[in-house]
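Engineer: Sequence and predicted structure below; questions after.
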Amino acid sequence: MSCVCRTFFIFTNLRSLYFGSINYRLSIIIYNYKMSTTQDYIRENKQRFLDELFDILRIASISADPAYKDEVLKCADSVAKHLKVAGADNVEICKTKGYPIVFGEKIIDAGLPTVLVYGHYDVQPADPLELWTSDPFEPVVKKTELHPEGAVFARGSADDKGQFFMHVKAFEAMMQTSSLPCNVKFIIEGEEEVGSASLADFLEENKEKLSCDVILISDTHIYSNEQPTVTTGLRGLSYVEVEVEGPNRDLHSGLYGGAVPNPINVLSKMIGDLIDDKGHITIDGFYDNVLIVSDEDRKEMNKLKDDPEGYKKSIGLNDIQGEEGYTTLERASIRPTLDVNGIWGGYTGEGAKTVIASKAFAKISMRLVPNQTPEEITEKFTRYFEKIAPKSVKVKVTPHHGGMPYVLESNTKEFLAAKKAMEKAFGKEVLPYRSGGSIPITSLFEKVLGAKSVLMGFGLDTDAIHSPNEHYGLYNYYKGIESIPYFFEFYAQS
């Protein structure tokens, strides 16, 4: 190549690089402007975002009770309308064997990554109603010690209507300011509170339709407003019901007491024998496959500063207990558990009835950690429960639903996008956090769609989900809406 040609070639390429660099810098400036405009849009529409959330909270979409079927279907319609107004295309109310799944999407460029947003519009029953300080389906804002700026009190406010609705409003803000940096799809289901029975079939039948690069879920909580976190782990679940049968009918406790087995007494002792004095579960082989968390990782997670006194105060306890050798944080996240969720039998009405019940029952849940499976643990529980039963009674174990544990490593691009997004919104360092709860669909998503789930929740563990007076802080609601566009920004960049 001659000197003249070489000089021209270098000049042309330098010119291309120079102007290409200008174009790139210009695109960044334009995008940053759009993002600041997105945050302005959110601030300007805060009251409307709250009012629209109230409209959804007023719908008693209780999936567990068939009496509320029309309300559940009404809520699906409402979610679909909000998605359309926000700017989603191809919005559908997809029929299933149970309650419908609401789908919507916005594909701006097939070459860009796609975020699938998951949430659920069904809620738990509000019982016992007499313990609510206001109507569970007439949302009201009240100030509390933890929420001086106010919290929304209503069933579903934190679980999960308030949290999935943040995504709808954040999506609207990005659409209105032309700042959506990647594709987005929504699936909002109506059966999460009853085990997501229809979701697996829906995923299998719609793999192409739901194809994505990452799944974004807000159905968890942060450690505190002072220390925001991104959930990196969930426990799995094995849920069983047990029955202990003694005599062939209820017996007079005076005529038969002391001579025959009392199923309630027997069941109580058997349950007591499932955990020893050190908080260790006694089921044969229960800990065989438990993933042992390294000392380094335990040290990292305990940066969240276990606060035993504050923990006791928040739930009205004089003392705490659990497995020896672990902090409260660790017991509630990286260790498996066994808890009785309900127990009944005999006479429980007003006054006295001296009877030895023929049968006694209990519902028992076991939270699982990585490498444990619900099938394995259910089988081990059944064998052990039958083994410790005295010959005087018959026992029956009925498995209910279960779910796999889930872990998202804190060095992945998915986690780092969520961490950066929340740090930008909160203005504080965001730490990884292992939750003790279970969301079985996370492992299902990964199995069927081949994508990791980011658990970017904004509630607090004091929000009383599933309990009377469920609430969701206004601060948390708005911080979620602010954070979500940043997640899209950082994930698109990654």
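Structural biologist: Ah, there it is.
Engineer: Now do the contacts for the one residue sitting closest to the centre of the chain.
Structural biologist: Most central in the chain under CA atoms, centre = their mean is residue 219, positioned 3.5 Å from the mean C-alpha point. Contacts for residue 219 (CB atoms under 8 Å, 6 or more residues apart in numbering) come out as 118-120, 159-160, 163-164, 192, 439, 455, 457. For every residue, glycine as well, the C-beta is placed using N, CA and C.
Engineer: three-state assignment of it?
Structural biologist: coil (DSSP: H, G, I helix; E, B strand; the rest coil).
Engineer: Apart from its neighbours in sequence, what residue is nearest it?
Structural biologist: residue 160 (4.8 Å; CB to CB, 6 or more residues apart in numbering).
Engineer: Can you read off the pLDDT for that neighbour?
Structural biologist: pLDDT, residue 160: 97.
Engineer: tell me the least confident of the contacts of residue 219?
Structural biologist: Pick the lowest pLDDT in those and you get residue 439, at 86.
Engineer: how many neighbours does it have?
Structural biologist: 25 (other CB atoms under 10 Å).
Engineer: Chain neighbours aside, what residue packs nearest to it?
Structural biologist: residue 234 is the one closest to residue 439 (CB to CB, 6+ apart), at 5.5 Å.
Engineer: ranges for the helices of the stretch 301-450 of the chain?
Structural biologist: Here the stretch 301-450 of the chain has its helices, by DSSP state H, counting those that start in this stretch, at 308-315, 328-331, 374-388, 413-426, 441-449.
Engineer: I'd like to know which of those helices lies nearest to residue 104.
Structural biologist: Nearest to residue 104 among those is helix 441-449; the distance by CB to CB comes to 16.9 Å.
Engineer: ok, the nearest residue to residue 362 once chain neighbours are set aside - how many residues close by?
Structural biologist: Spatial nearest neighbour of residue 362, chain neighbours left out: residue 343 (4.3 Å); criterion: CB to CB, 6+ apart. By other CB under 10 Å, 15 other residues sit near residue 343.
Engineer: Let me see the confidence value for the nearest residue to residue 176 once chain neighbours are set aside.
Structural biologist: Closest residue in space to residue 176, ignoring its immediate chain neighbours: residue 41 at 5.7 Å, by CB to CB, 6+ apart. You'll see residue 41 listed with a pLDDT of 97.
Engineer: Report how many residues lie close to residue 41.
Structural biologist: Neighbour number of residue 41 under other CB under 10 Å is 18.
Engineer: now do residue 123
Structural biologist: Counted by other CB under 10 Å, the residues lying close to residue 123 total 32.
Engineer: these two touch, right, residue 471 and residue 159?
Structural biologist: No: contact criterion CB atoms under 8 Å: residue 471 and residue 159 do not qualify, at 10.6 Å.
Engineer: and the helices of the stretch 301-450 of the chain as a markdown table, adding mean pLDDT, mean neighbour count and distance to residue 258?
Structural biologist: As requested, the helices of the stretch 301-450 of the chain are exported to a markdown table (pLDDT from 0 to 100; neighbours: other CB atoms under 10 Å; distance: least, CB to CB, whole Å):
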| stretch | mean pLDDT | mean neighbour count | distance to residue 258 |
| --- | --- | --- | --- |
| helix 308-315 | 84 | 11 | 39 |
| helix 328-331 | 92 | 18 | 40 |
| helix 374-388 | 98 | 17 | 22 |
| helix 413-426 | 98 | 21 | 61 |
| helix 441-449 | 93 | 20 | 50 |
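Engineer: can these go into CSV with extra columns for distance to residue 253?
Structural biologist: What follows is the helices of the stretch 301-450 of the chain, written out as CSV (distance: least, CB to CB, whole Å):
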stretch, distance to residue 253
helix 308-315, 36
helix 328-331, 39
helix 374-388, 25
helix 413-426, 58
helix 441-449, 47
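Engineer: Compare those and give me the one nearest residue 102.
Structural biologist: The closest of those to residue 102 is helix 441-449. By CB to CB, the value is 15.3 Å.
Engineer: residues making contact with the helix or strand just after the closest one?
Structural biologist: Once helix 441-449 ends, the next helix or strand along the chain (criterion: DSSP states H and E) is strand 453-455. Here strand 453-455 makes contact (CB under 8 Å, 6+ apart) with 118, 214-220, 230-232, 234, 406, 408, 414-415, 417-418, 435, 439, 442, 445-446, 487.
Engineer: Could you check how many residues crowd around the residue lying closest to residue 373 once chain neighbours are set aside?
Structural biologist: In space, residue 373 comes closest to residue 404 once its chain neighbours are excluded; the distance is 6.6 Å by CB to CB, 6+ apart. The number of residues packed near residue 404 is 21, by other CB under 10 Å.
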